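Undergrad: Quick one: sequence plus predicted model below, questions after.
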Amino acid sequence: MARIALVHDIAGVANTQARLLRDAGHEVDQIALSEVGATWSWPAKAITIPIRLAAYLPVVARLRRTRYDVVHIHWLTQGVIGPLIGRPFFVQAHGSDLHVNLRSGMLSAVTRRVLERARLVFYVTPNLRAFMPDFDRKLRFLPNPVDVAALRQGAALGPELSWVLIFARLDPVKGVDEIYAAAERLSQMVSLTGLDWGPVRNDYAQRYAGMVRFVPPVPHDDVGDLLHRFDVVIGQMRQGILSLSELEAMAAGRPVITGIDWSLYADDPPPVLGVTNADGIVAAIERLKGDPAEVARLSREGPEWVERNHGFARHLRLLEDAYFGTDRTK
């Protein structure tokens, strides 16, 4: 069995990986990195960069002196420590750390440096591969792991679809402009709740206060309880993929309405309602309210699809195959 360092965590993914790897017999150290100023906006955020880099140095020293078989770093900018540790490392791209940062001068240079030096680059959603054509030989698709068994435990859907959760960060990259353009019409049919989280939160909280109830994000372990309070979930509208938010809503048996690029899921299309704009969101809610059979189908097939594509057994198999070059199921 191997000794593995999982560095940093995004949305509980590294925590889940640590659990899976330990259950498989590996020794796993989870190592946090400083997040001072991580949620600040530019240019104020730039002030904290030297402070964070200095805070990384003890982690670099630990990784250099400890005999790890695998070093796996989450988030590409945090991967800046990889070239400093004197050993091969894996890095995992989660989304904005790739497609947003590649459009930003200094962050673009850092991101490309990390991609160049990494042994393998994991990416969690199928759209991300297109942003890294120069590194195709070292890319490995690693879908986000989802605890379907835990998320299925909770309140069943009621007969009336009255409570709708907009499960997306208030960020332009999530297409919140299209989602909230439907808020006035939706609020006349259902009770709307959104997350009070993201760079445009103040603007949206004020603009939509009479139509949407805003709640703070919850710790990852409480996501299941949050989802089971709602009948339908509206996900992101801009990236064309199922992020962890949509996947966890599906696993909880909630019908999901989201913007999706079906070509990215040609082999196994997910059971969601794909829409492209505010009119589509309104039409999807109207359809669900008038079609109990469709609601039942989405609620039943959602967890099955997530287990098939994002279940723990598959995730562990993909991880071990990437780390050690052997698919242990063969």
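TA: Thanks, I have the structure now.
Undergrad: Contact partners for residue 243?
TA: With contact set as C-beta atoms under 8 Å, 6 or more residues apart in numbering, residue 243 has these partners: 95, 125, 144, 235, 236. The way it works is simple: take the backbone N, C-alpha and C, and place the C-beta from them, glycine included.
Undergrad: Closest to residue 24 out of those residues?
TA: residue 144 (18.4 Å; C-beta to C-beta).
Undergrad: quick one: that closest one and residue 13 touch, right?
TA: Yes: here residue 144 reaches residue 13: they are 5.9 Å apart, a contact under C-beta atoms under 8 Å.
Undergrad: what is in contact with the two at once?
TA: Counting by C-beta under 8 Å, 6+ apart, the residues touching both residue 144 and residue 13 are 124, 244.
Undergrad: before we move on, back to that, now which of the contacts of residue 243 would you call buried?
TA: Neighbour-count burial (16 or more other C-beta atoms under 10 Å) is assigned, among the contacts of residue 243, to 95, 125, 144, 235, 236.
Undergrad: Spit out the contact partners of the first one.
TA: So that's residue 95. So residue 95 contacts 124, 125, 128, 239, 243 (C-beta under 8 Å, 6+ apart).
Undergrad: of these, the lowest pLDDT goes to which?
TA: Taken together, the contacts of residue 95 show their lowest pLDDT at residue 239, with 92.
Undergrad: Same list, the contacts of residue 95, but as JSON lines with secondary structure and distance to residue 214 please.
TA: Supplementary listing: the contacts of residue 95 in JSON lines, determined by DSSP: H, G, I helix; E, B strand; the rest coil; distance: C-beta to C-beta, whole Å:
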{"residue": "124", "secondary structure": "coil", "distance to residue 214": "27"}
{"residue": "125", "secondary structure": "coil", "distance to residue 214": "26"}
{"residue": "128", "secondary structure": "helix", "distance to residue 214": "29"}
{"residue": "239", "secondary structure": "coil", "distance to residue 214": "22"}
{"residue": "243", "secondary structure": "coil", "distance to residue 214": "20"}
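Undergrad: of those, closest to residue 106?
TA: When the contacts of residue 95 are compared against residue 106 (criterion: C-beta to C-beta), the nearest one is residue 128, at 20.8 Å.
Undergrad: Report the contact partners of that closest one.
TA: 93, 95, 98, 99.
Undergrad: what helix or strand is residue 157 on?
TA: Under the assignment given by DSSP states H and E, residue 157 is not contained in any helix or strand.
Undergrad: Next secondary structure element downstream of the host helix or strand of residue 304?
TA: Taking DSSP H and E as the criterion, residue 304 maps to helix 292-310. Beyond helix 292-310 on the C-terminal side, the first helix or strand identified by DSSP H and E is helix 312-324.
Undergrad: Helices of this structure, start to end?
TA: Counting by DSSP state H, the chain has these helices, from start to end: 13-23, 44-65, 96-99, 105-117, 148-151, 176-180, 183-187, 201-207, 223-227, 244-251, 278-289, 292-310, 312-324.
Undergrad: Next, format those helices as CSV and append distance to residue 78, mean neighbour count and mean pLDDT.
TA: Listed next are these as CSV, based on distance: least, C-beta to C-beta, whole Å; neighbours: other C-beta atoms under 10 Å; pLDDT from 0 to 100:
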stretch, distance to residue 78, mean neighbour count, mean pLDDT
helix 13-23, 11, 18, 97
helix 44-65, 8, 14, 81
helix 96-99, 8, 20, 92
helix 105-117, 9, 16, 92
helix 148-151, 27, 18, 96
helix 176-180, 26, 22, 98
helix 183-187, 35, 18, 98
helix 201-207, 24, 14, 96
helix 223-227, 23, 20, 96
helix 244-251, 18, 27, 97
helix 278-289, 34, 18, 98
helix 292-310, 23, 17, 97
helix 312-324, 18, 17, 97
